[in-house]
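[1] next one to model:
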Amino acid sequence: MTFTGKSADMHVDIFIRTYKNDLPWLAYALKSIHKYVTGHRNIIVAIPMDQVRLLSHLSVEKVVGVHDLEDGYLGQQLTKMQAWKLTDADAVVFWDSDVVATRPVVSLTIQRVLSSVKKRRVRDIPPALPGTKPHDEQRTFHYPVWH
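    Okay, here's the model as predicted:
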């Protein structure tokens with residue numbers, strides 16, 4: 001998706017972390033996204049590696065196999081925290097596989113959020129923990145700047 005104005009050329013991807021027990025819900029979620037949601041570039045569906053074959057029928061979405069943990073909920077949270085490794089989008093919308101859009105989602109809402117976002121390189125962001133270093137990649141991160 002490309003916006004005009006302050007947020008020109010900013011891309012948004014939808015990220016869904018799912019697993020085999022949620023696949024019936026995922027089908028409804030994807031149908032509703034295709035019908036009602038605009039303003040995104042890609043739909044990325046992350047699923048544990050041993051379950052990727054269950055999504056072989058998907059052709060429009062980008063299916064990615066991810067490592068899972070014994071505690072599936074924690075595995076899901078870890079995947080979401082590392083979603084930036086699976087996309088080069090400027091922003092990611094996290095969408096649960098049991099969420100269904102029932103009316104159009106206006107992209108202006110996403111545009112308003114992105115227009116208040118400031119770009120910074122990783123090297124400019126202080127490390128989260130004492131003694132850690134920012135990622136060596138020259139990746140640009142976006143975070144909201146509230147005035």
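[2] got any ranges where the chain has weak pLDDT?
    1-9, 106-147 (pLDDT under 70).
[3] tell me which stretches of it form helices.
    23-36, 72-81, 107-115 (DSSP state H).
[4] what residues are bridge-paired with I43?
    I43 forms beta bridges with I14, as assigned by DSSP bridges.
[5] wait, it touches I16, no?
    Yes: with contact defined as CB atoms under 8 Å, I43 reaches I16; the gap is 6.9 Å. Glycine gets a C-beta too; all of them are placed from N, C-alpha and C.
[6] with only the CA atoms kept, save stretch 50-58 in CSV.
    The C-alpha coordinates for stretch 50-58 follow below in CSV (Å, rounded to 0.1, in the frame of the first residue of the first chain):
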residue,chain,number,x,y,z
ASP,A,50,5.3,-29.1,11.1
GLN,A,51,1.9,-27.7,10.1
VAL,A,52,2.8,-25.7,7.0
ARG,A,53,1.5,-28.4,4.7
LEU,A,54,-2.0,-27.7,6.1
LEU,A,55,-1.9,-24.3,4.3
SER,A,56,-0.6,-25.5,0.9
HIS,A,57,-4.0,-24.5,-0.6
LEU,A,58,-3.3,-20.8,0.1
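[7] okay, buried residues for that stretch please.
    Going by neighbour count (16 or more other CB atoms under 10 Å), the buried part of stretch 50-58 is Q51, L54, L55.
[8] which among the residues you listed gets closest to M81?
    Q51 (20.0 Å; CB to CB).
[9] not counting sequence-adjacent ones, nearest residue to that closest one?
    Nearest residue to Q51, sequence neighbours excluded (CB to CB, 6 or more residues apart in numbering): K20, at 5.0 Å.
[10] hang on, the earlier thing: can I get the helices of the chain in a markdown table with mean neighbour count?
    What follows is those, written out as a markdown table (neighbours: other CB atoms under 10 Å):
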| stretch | mean neighbour count |
| --- | --- |
| helix 23-36 | 16 |
| helix 72-81 | 14 |
| helix 107-115 | 15 |
